[in-house]
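Novice: Coordinates for the following, if possible.
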Amino acid sequence: TLPETCCPSVPPPGEATGAEALFGQLKWDNRSLAALPTGAAEGPSRGVCFSRAAPEPLEAPKLVACSAQALELLGVPHGAAAALERAAGVDGGNESDDQLLGEVASLLSGTRLLPGAAPAAHCYCGHQFGHFSGQLGDGATMYLGECLNARGERWELQFKGAGPTLYSRRGDGRKVLRSSIREFLCSEHMHALGVPTTRAASLTTSDTRVARDKKYDGDVTMERASVITRVAPTFLRFGSFEIFRKRDPVTGMEGPSVGLESELLPVMLDYVAESFFPDMVAQHGGAGNKPAVYAAMLREVSERTGRLVAAWQCVGWCHGVLNTDNMSILGLTIDYGPFGFMDRFDPAYVCNASDSGGRYEYQSQPRVCEWNCRKLAEAWGPALEGDVSEHADAAATAFTDAFEAEYLRRMRLKLGLLASEDDEADLALAESFLDAMAASGADFTNAFRVLAQVPAPAAGEPEAPSEAHVAPLLGVCASAEAMARAAKPSLPEERLQMLLQVEQQNPGILQARLGVTPEYILGELRRHEYHAKLLERSDADKAAEDSRIWTKWLKRYLERLQRDAESARDGAAASAHAVKRREAMLAANPRFILRNYVAEECIRRAEQGDYAAVGELLERLRRPYDEPSVAGSESESAPAPAGAYCTLSKLKLDSMPPAWAETLAVADPAKPPARQPYIVSQHRRRRHPVRCAIVENCDGPHDGPARN
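Specialist: Numbers count the residues shown, from 1 in each chain. Predicted coordinates:
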């Protein structure tokens, strides 16, 4: 039952009751609309940062899940926020509670307007696949306003899926339950993992149906329209400043406000500086030295972005659509689409099934984001002093330095290296661990976690790896059959032979007409050869090979740990050091992450009407580093994709995916441009995520039609 503080039973005369009374307590301070130019809902978009919008009502909105933590950021009282989280998705049978939850669902879906909200859609542009795509904008999201909480923090509130805006183009501005569940859960999970991110306060679904082609194969189904309430200090992004970009020589696209940069760009930068980087203003002489403030702010944004990407790499997470309009100016994870956590470690892991060229693979994320920082410098160029290329170089350097420092810091903790030694040596040790994982097919999350079980050597003579050292790591390696299935080439043998024949008869014609390079063909040949080799390997052969791989790496690792242990001069100190090492590793390596098959199970349950499953999973994802509280409480195997489902509270989140889940794919309907479908596959051979050159091709579908 919801507490009386959530729904006052005897309100003063003339005052709002129920949900409106609860959310009427929010202190709105819609600074963005006051500071930045805002246009009419019908347009035009030239010279504006926002255009007015209006959420479209949903039929019978239903509150699926709430995050009390995120609601409290807005100023919702703790007791009420916690009560809403407990009650969301559950049919309690209490008429007054059900009425209140219905009112909350109406307000948090846009069916009724939140008191104090001022809906608008943000105008921005973006680089996709390395080329400027012109005007994009909030096609399925809406700014509602900013709220001040009791701590004086300002948080922007946003709907995703509340209906069309000026920037929806051919889309309906709606999102469906499956994609909304993924974003809601992952937003809060990333926060629990310690990764900077936007937050998700609520998820609402409805009886309103929208047409979606789930597999993009022409099979259209009607799905429930759903809305997420998102929270962040700001949703401004790199692409926000690209509205002034001149006509692109390749795409022919230009920003809607080209020619207005001298007038409007300083207004935008001043707003960002004063609202989010006040220290930069004070440090560089205030308003009288604006170019210096902007340059310092550019470096800070690049550094935050570098630290963010390092956090992604260290939890094995891929964004999927790293175009410039999906990059936060505050260094937050933003716009959750076809994202994915890695299972078996693969440096060329691609989470977006539509990314056939592998542009946004795991190992490419750092160099893509570095390139995006260069594009931000170009966008700010008219307001900066000096050569824009020098500012772009400075932004790239700031990104790289911050990335490498944060990556090494996190990797040392993950490996349990408490005393810093030579940076290059420790980085090489981390890289060799990734190499061993790739060669043995080890699970990324579980391999780091079980490393804490490896006994630390005592000071003195070097200790050779024993079975006690090797066994935990062998237990998280893929079978020979699973490795072979994962390595199966995407290009069929007959098609590869056809490409080979065409290339031999007409060298260069495939690259000129289709963008298929000789390097791509050679890479596919190698993949076919590697796959054939894996098919011939038995489990016994693989186990023996894995043992050799990990024994070799552990020898190097134990030598490094021994040097750490030498700082402990007596037995008591050595014991304390070992405990501290284990605690540090368990706090740096999550026991589980939001694997695709776990999200899929939750989605299936919710689509059958069991909305409580979302809140149930949310509660567990908030504690990714905790050890099991009850022995055997997570011993159940993963469920089959059909038939009776076990409860999510018993789903083993730290297990590797079952065989049925290997075919799961999360895709974005927007496809890469035909002019360069395979170019980036040339760099997929690079393994290490730190040392990488700038990539000049990056993509990212926008809020267009049916992006779910």
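Novice: make it CA atoms for all contacts and neighbour counts henceforth
Specialist: Will do.
Novice: packing partners for the helix or strand of the chain with the lowest mean pLDDT?
Specialist: Across the helices and strands of the chain, mean pLDDT, DSSP states H and E gives its lowest value to helix 509-514, namely a mean of 82. Secondary structure elements in contact with helix 509-514, counted by 3 or more C-alpha pairs under 8 Å, 6 or more residues apart in numbering; DSSP states H and E, are helix 493-505.
Novice: Tell me where the model's unsure across the stretch 351-500 of the chain.
Specialist: Along the stretch 351-500 of the chain, segments meeting pLDDT under 70 span 458-462.
Novice: Quick one: residues contacting the closest residue to Asp626 other than its chain neighbours.
Specialist: Of all residues not flanking Asp626 in the chain, Arg591 sits nearest, at 7.0 Å (C-alpha to C-alpha, 6 or more residues apart in numbering). Arg591 makes contact with 445-446, 449, 624-627, 654, according to C-alpha atoms under 8 Å, 6 or more residues apart in numbering.
Novice: Repeat that for Ala442.
Specialist: Contacts of Ala442 by C-alpha under 8 Å, 6+ apart are 344-345, 473-474, 476-478.
Novice: Looking at the residues you listed, which are in helices?
Specialist: The helices, defined by DSSP state H, take in 473-474 from these.
Novice: from the contacts of Ala442, which is closest to Gly288?
Specialist: Nearest to Gly288 among the contacts of Ala442, counting by C-alpha to C-alpha, is Phe345 at 51.0 Å.
Novice: What distance do you get for the closest residue to the closest one other than its chain neighbours to Gly381?
Specialist: Distances taken as C-alpha to C-alpha, 6+ apart put Phe444 closest to Phe345, at 5.0 Å, once the chain neighbours are dropped. Between Phe444 and Gly381 the distance, using C-alpha to C-alpha, to the nearest Å, works out to 40 Å.
Novice: again, but for Met280
Specialist: When Met280 is compared with Gly381 (using C-alpha to C-alpha), they lie 18 Å apart.
Novice: In the protein, spot the strand with the most residues.
Specialist: Of all the segments of type strand in the chain, defined by DSSP state E, the longest one is strand 220-232.
Novice: which helices and strands sit right next to it?
Specialist: Applying 3+ C-alpha pairs under 8 Å, 6+ apart, we find strand 220-232 packed against strand 154-160, strand 175-176, helix 177-193, strand 199-205, strand 209-213.
Novice: what distance separates the third one from the centre of its chain?
Specialist: This points to helix 177-193. 9 Å (C-alpha atoms, centre = their mean, to the nearest Å).
Novice: swap in the first one?
Specialist: For strand 154-160, the gap between its own C-alpha mean and the chain's C-alpha mean amounts to 18 Å (C-alpha atoms, centre = their mean).
Novice: and the angle from it to helix 177-193?
Specialist: For strand 154-160 against helix 177-193, the angle by axes from the mean of the first three to the mean of the last three C-alpha atoms, to 10 degrees is 160 degrees.
Novice: now do the last one
Specialist: Strand 209-213 and helix 177-193 meet at an angle of 80 degrees, taking the same axes, to 10 degrees as the criterion.
Novice: What is the burial count for the closest residue to Glu261 other than its chain neighbours?
Specialist: Sequence neighbours aside, Phe244 is the residue nearest to Glu261 in space, at 5.8 Å (criterion: C-alpha to C-alpha, 6+ apart). Counted by other C-alpha atoms under 10 Å, the residues lying close to Phe244 total 26.
Novice: Please apply the same query to Gly386.
Specialist: Residues near Gly386, counting by other C-alpha under 10 Å: 11.
Novice: Likewise for Glu153?
Specialist: Around Glu153 there are 13 residues (other C-alpha under 10 Å).
Novice: so how far is Leu114 from it?
Specialist: Separation of Glu153 from Leu114 (C-alpha to C-alpha): 20 Å.
Novice: any weak-confidence spans in the stretch 551-700 of the chain?
Specialist: 567-572, 629-650, 668-700.
Novice: right, so the helices and strands packed on strand 220-232: which one is the most enclosed?
Specialist: strand 199-205 (a mean of 28; mean count of other C-alpha atoms under 10 Å).
Novice: Check which helices and strands that strand sits against.
Specialist: strand 62-66, helix 68-74, helix 177-193, strand 220-232.
Novice: can we see that at 10 Å?
Specialist: strand 62-66, helix 68-74, helix 78-87, helix 95-107, strand 154-160, helix 177-193, strand 220-232 (3 or more C-alpha pairs under 10 Å, 6 or more residues apart in numbering; DSSP states H and E).
Novice: quick one: the residue positioned nearest the centre of the chain and Pro455, what's the gap?
Specialist: Nearest residue to the geometric centre of the chain (C-alpha atoms, centre = their mean): His319, 4.5 Å. His319 sits 35 Å away from Pro455, going by C-alpha to C-alpha.
Novice: quick one on the thing from earlier: sort out which of the contacts of Ala442 are buried, if you could.
Specialist: Listed as buried from these are 344-345, 473-474, 476-478; burial here means 16 or more other C-alpha atoms under 10 Å.
Novice: Quick check: the farthest pair among those?
Specialist: Greatest spatial distance among the buried ones among the contacts of Ala442 (C-alpha to C-alpha): Phe345 and Leu474, at 14.0 Å.
Novice: count of neighbours near the residue nearest to Phe345?
Specialist: So Phe444, with other C-alpha under 10 Å, has 23 neighbours.
Novice: Looks like it contacts Lys414 (just checking).
Specialist: No. Look at Phe444 against Lys414 with C-alpha atoms under 10 Å: they stay out of range, at 11.6 Å.
Novice: what's the closest non-adjacent residue to Ala377?
Specialist: In this structure, Ala377 finds its nearest non-sequential neighbour in Ala392, 5.1 Å apart by C-alpha to C-alpha, 6+ apart.
Novice: Phe592 now?
Specialist: Spatial nearest neighbour of Phe592, chain neighbours left out: Asp654 (4.7 Å); criterion: C-alpha to C-alpha, 6+ apart.
Novice: Surely the one you found is in contact with Tyr597?
Specialist: No. Using C-alpha under 10 Å as the test, Asp654 is too far from Tyr597 to be in contact (11.4 Å).
Novice: And those two? Which one has more around it.
Specialist: Each of Asp654 and Tyr597 has its neighbours counted (other C-alpha under 10 Å); Tyr597 has more, 22 against 18.
Novice: out of everything not next to it in sequence, what's closest to the more buried one?
Specialist: Ala661 (5.7 Å).
Novice: Please report the distance of the one you found from Gly340.
Specialist: The separation that Ala661 has from Gly340, given C-alpha to C-alpha, amounts to 13 Å.
Novice: Show me whatever sits in contact with both of these two.
Specialist: Common neighbours of Ala661 and Gly340 (criterion: C-alpha atoms under 10 Å, 6 or more residues apart in numbering): 595-596.
Novice: between those two, which one's more packed in?
Specialist: Neighbours were counted for Ala661 and for Gly340 using other C-alpha under 10 Å; Gly340 has more, 25 against 18.
Novice: re the thing from before, continuing past the longest strand of the chain, what's the next helix or strand?
Specialist: Downstream of strand 220-232, the first helix or strand assigned by DSSP states H and E is helix 261-276.
Novice: re the thing from before, where does the residue nearest to Asp626 sit, in terms of helix or strand?
Specialist: Here Arg591 is assigned to no helix or strand, by DSSP H and E.
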